[in-house]
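Asker: please find the sequence and the predicted model below.
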Amino acid sequence: MTHVPSLLAIVLLSQSQPNPSPVPGALLIASIIGAVIDYKYKKAGGRKPSSRDRILFLIVVLVVAGLIVWAASYNSAIAGMIVVPIVPWLLFAWEVGRWRMRRKYPLTSAPKLEQP
């Protein structure tokens, strides 16, 4: 917990640079839009993520969290600099996987009955 203020300071400083990269912000916006679309897909009866997908994503998140903790043990500035770009990439990777699932298993629409 002692690293939290320094991590927050690094994150704020990295975002207040004169020309920050727009890529993490764009990935975050794309991930949010994908999450909304995926929510609607699942609500309409689409396939939910399999347990294998969830377990694999959890393992990746735990490995990344371990990397961040390891980096924080050496220097909290490094950990703060890693967190900002990695989190949007993780969310984006999950949403790309869900997009592939939606394309592979599209929602079936009921055939319209024509009335004479």
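Answerer: Arrived safely, thanks for sending.

Asker: how near is Leu28 to Gly34?
Answerer: In this view, Leu28 and Gly34 are 11 Å apart by C-beta to C-beta, to the nearest Å. Quick note: C-beta positions are derived from backbone N, CA and C, even for glycine.

Asker: overlap of the contact sets of those two?
Answerer: Phe92 (C-beta atoms under 8 Å, 6 or more residues apart in numbering).

Asker: so the two - more neighbours on which side?
Answerer: Between Leu28 and Gly34, counted using other C-beta atoms under 10 Å, Gly34 has the larger neighbour count: 19 against 15.

Asker: got a list of what the closest residue to the more buried one other than its chain neighbours touches?
Answerer: In this structure, Gly34 finds its nearest non-sequential neighbour in Glu95, 3.4 Å apart by C-beta to C-beta, 6 or more residues apart in numbering. Taking C-beta under 8 Å, 6+ apart as the criterion, Glu95 is in contact with Ala30, Ser31, Gly34, Ala35, Asp38.

Asker: at 7 Å instead, please
Answerer: Residues in contact with Glu95, defined by C-beta atoms under 7 Å, 6 or more residues apart in numbering, are Ser31, Gly34, Ala35, Asp38.

Asker: residues near the last one, how many?
Answerer: Put plainly, it is Asp38. Neighbour number of Asp38 under other C-beta under 10 Å is 20.

Asker: mind checking pLDDT for it?
Answerer: The confidence metric pLDDT takes the value 92 at Asp38.

Asker: secondary structure element for it?
Answerer: helix 23-43 (DSSP states H and E).

Asker: what is the very next helix or strand once past that helix packed up against?
Answerer: Moving toward the C-terminus from helix 23-43, the next helix or strand (DSSP H and E) is helix 51-74. Using 3 or more C-beta pairs under 7 Å, 6 or more residues apart in numbering; DSSP states H and E, the elements in contact with helix 51-74 are helix 76-104.

Asker: tell me which residues in the helix it packs on are buried?
Answerer: Under the neighbour-count criterion of 16 or more other C-beta atoms under 10 Å, helix 76-104 has 76-77, 79-84, 86-88, 91-92, 94-95, 97-98, 101-102 buried.

Asker: pLDDT (mean, whole number) over that helix?
Answerer: Mean per-residue pLDDT for helix 76-104: 88.

Asker: thanks again, I'm all set now.
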